[in-house]
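Engineer: Below is the structure, and that's it, no one-letter string:
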């Protein structure tokens, strides 16, 4: 049967500009880091070029007329989440973090000195509208908000961290004037980078050749990194033949431990999804069937063939790698290299008949359904592979 | 660099099947693609999975050696690991395998790789290309730094032959004609006349096989 391609007009998009409520102030046009919003010179009408859009929602959080609709983390769902979470966590501190600088919550206490808090993890803190912060403080009884952004030069959405920082300064000034006290919102920045063990380096030069940011060089016979340039994609780690490199928060051991834990799930088929955190924006409180395990990666380039082998060895039935489209890749060539590495690994796996158990797909948050569709298809495929084996 | 390709898994499983405890030894030396710790671990997992499908469980220890063709270094790094190990699977080139056979006379050693050639890594294309035939009588001074022995399908000294088509070799249109490259490069360097000189025949006796020099 010939499958008809769903035309763009029928697809659901993650961002929409509404002409009726637009005041043509063009703040979105100036704020968009990707030049995805065009201004018609004669009418001043603003148009979204969805294929350029990276769904950072900086336009949404900047729009004074509320003329932009988004699918992920809109104002209503953010406030609803905070309201529900306040009852659940029974505390009055919120920690809002960008996935890029805090993939899990382990470091929160060290960073902000709080042990009880409502976590809110989003792809870029620049997407949080000021209204949500004000509402949390003024009407929800939240006493303190801690925000962790990536360093400015590390922001995957170019200006997200910077915009969030400027907003926090303004909101803090306002809250102080209103009598809520000083620095109600605390703002910190950091970024997660490569760690190199010079003693293990064999001077092969892979990191020097592959680093998309020219952060690596060989110095006195060992790999040395300019951490100012490193953007933490993890490609060098995945390609290091001597296992001399690691990536903060996505350490080899850490991912291995996670895979071992996940593989203990008894429901079959057991599916591991290693997805780029910029390719899929999860819903708040996202949940899956008990046999589907998600590991969010800094880039598909950090999906390590060694980890995939480990997963299969520990009875994971299928591994789905979810990357951004090559043209959207936040680490320049991460998606492309991840695809190449998958092809090589599939060839290796074909020797034990496992090649169909590994699948690589590219999706984008601008098409909210694409990830779930890929996952559904992969699940079906693995279910049928496993049921054939049982017979 | 010594270019190798992994042997088919079935072949490896065949020769490992009589043993249970196997030391897998990578090589951090010049093998390309690098056959260090990452490759050794990946192979161990692949063999384990392949073994399970055959109903065979292995017990692996995985390590890497700095330069497996060095007998002193190899013995020093392998010996402490050999307790309870019945065999060694080497990821190095043929030299590494033979060095292990030499330094561990009582232990069977098996190659995980086929050793292909001395090649250069062309990173931009992710390929490895044969560039030196280790012929023992280097002609590169005469041929503009491009070796016709390794890179011409016929190892001609008076090419290009009639099979050179648009700079490619008739045996494989993907491969450059070495003599086409040589002529163009010498022309560019204004050294083409170097080929006009009549020379005595090449000294094929320079390396008597098996080769040996004192170091």
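Structural biologist: Okay, I see it. Owing to the predicted nature of the structure, the values given are computational and were not obtained by experimental measurement. Numbering: from 1, shown residues only, chains lettered A, B, ... in the order given.
Engineer: separation between whichever residue of chain B sits closest to chain A and residue A:202?
Structural biologist: Per C-beta to the nearest C-beta, residue B:34 is where chain B lies closest to chain A, at 3.5 Å. All C-beta spots, glycine's among them, are computed from the backbone N, C-alpha and C. Distance of residue B:34 to residue A:202, computed by C-beta to C-beta, to the nearest Å: 7 Å.
Engineer: wouldn't residue A:211 be in contact with residue A:236 here?
Structural biologist: Yes. If you go by C-beta atoms under 8 Å, residue A:211 and residue A:236 touch, sitting 5.6 Å apart.
Engineer: between the two, which one's more packed in?
Structural biologist: Just comparing residue A:211 and residue A:236: by other C-beta atoms under 10 Å in any protein chain shown the higher neighbour count belongs to residue A:236, 28 against 25.
Engineer: rewinding a little: who touches both of residue B:34 and residue A:202?
Structural biologist: Both residue B:34 and residue A:202 are in contact with A:241, A:242, B:28, where contact means C-beta atoms under 8 Å, 6 or more residues apart in numbering or on different chains.
Engineer: near chain A, which residues of chain B show up?
Structural biologist: Within chain B, the residues that sit near chain A (C-beta under 8 Å from any C-beta of the partner chain) are B:8-10, B:28, B:33-39, B:41-42, B:45-46, B:48-50, B:53, B:64, B:123, B:126.
Engineer: Of those, just the buried ones, ChimeraX syntax please.
Structural biologist: Command for ChimeraX that selects the buried part of the residues of chain B next to chain A, burial taken from 16 or more other C-beta atoms under 10 Å in any protein chain shown:
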select /B:9,28,33,34,35,36,37,38,39,41,42,45,46,48,49,50,64
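Engineer: Look up phi and psi at residue A:98.
Structural biologist: Dihedral angles of residue A:98 (phi, psi; degrees, to the nearest 10) stand at phi -80, psi 140.
Engineer: What is the burial count for it?
Structural biologist: Neighbours of residue A:98 (other C-beta under 10 Å): 30.
Engineer: residues touching it, list them.
Structural biologist: A:121, A:122, A:123, A:124, A:125, A:148, A:149, A:150, A:160, A:161.
Engineer: so which pair among the residues you listed is furthest apart in space?
Structural biologist: Spatially, the most separated pair among the contacts of residue A:98 is A:121 and A:161, at 15.1 Å (C-beta to C-beta).
Engineer: ok, now which ones touch residue B:203?
Structural biologist: Contacts of residue B:203 (C-beta under 8 Å, 6+ apart): B:136, B:137.
Engineer: do that again at 7 Å, thanks
Structural biologist: Going by C-beta atoms under 7 Å, 6 or more residues apart in numbering or on different chains, residue B:203 touches residue B:137.
Engineer: ok, now how distant is it from residue B:138?
Structural biologist: The gap separating residue B:203 from residue B:138 is 11 Å, by C-beta to C-beta.
Engineer: Show me the helices in the stretch 1-150 of chain A, by range?
Structural biologist: A:27-31, A:58-62, A:75-89, A:108-112, A:130-138 (DSSP state H, counting those that start in this stretch).
Engineer: ok, longest helix in chain B?
Structural biologist: helix B:37-53 (DSSP state H).
Engineer: name the helices or strands packed onto that one?
Structural biologist: helix A:305-313, helix B:9-16, strand B:21-27, strand B:59-65 (3 or more C-beta pairs under 7 Å, 6 or more residues apart in numbering or on different chains; DSSP states H and E).
Engineer: mind running it again at 10 Å?
Structural biologist: In terms of contacts (3 or more C-beta pairs under 10 Å, 6 or more residues apart in numbering or on different chains; DSSP states H and E), helix B:37-53 is packed against helix A:305-313, helix A:334-349, strand B:2-6, helix B:9-16, strand B:21-27, strand B:59-65, strand B:87-90.
Engineer: Just want the angle from it to helix B:9-16.
Structural biologist: 80 degrees (axes from the mean of the first three to the mean of the last three C-alpha atoms, to 10 degrees).
Engineer: what mean pLDDT does helix B:37-53 have?
Structural biologist: In this model, helix B:37-53 carries a mean pLDDT of 97.
Engineer: what about residue A:386, helix or strand, and which?
Structural biologist: Secondary structure assigned from DSSP states H and E places residue A:386 in helix A:370-390.
Engineer: Sort out which residues of that helix are buried, please.
Structural biologist: For helix A:370-390, burial by neighbour count (16+ other C-beta under 10 Å) applies to A:370, A:371, A:374, A:375, A:378, A:379, A:381, A:382, A:383, A:385.
Engineer: what pLDDT, on average, does it get?
Structural biologist: Average pLDDT, helix A:370-390: 90.
Engineer: what does that helix contact?
Structural biologist: Residues outside helix A:370-390 that contact it (C-beta atoms under 10 Å, 6 or more residues apart in numbering or on different chains): A:11-12, A:268-271, A:273, A:275, A:279-282, A:288-289, A:291-292, A:294, A:316-320, A:322, A:325, A:353-354, A:356-365, A:367, A:369.
Engineer: Poorly predicted segments of chain A, please.
Structural biologist: For chain A, the stretches flagged by pLDDT under 70 are A:1-11, A:390-391.
Engineer: in it, what residue is nearest chain B?
Structural biologist: For chain A, C-beta to the nearest C-beta, closest residue to chain B: residue A:241, 3.5 Å.
Engineer: how about the residue nearest the centre of chain A, what does it touch?
Structural biologist: Residue closest to the average C-alpha location in chain A (C-alpha atoms, centre = their mean): residue A:277, at 2.4 Å. By C-beta under 10 Å, 6+ apart, residue A:277 lies in contact with A:98-100, A:103, A:121, A:123, A:156, A:295-300, A:322, A:324, A:330.
Engineer: Apply 8 Å and report the result again.
Structural biologist: Each residue near residue A:277 by C-beta under 8 Å, 6+ apart is listed here: A:99, A:100, A:103, A:123, A:296, A:297, A:298.
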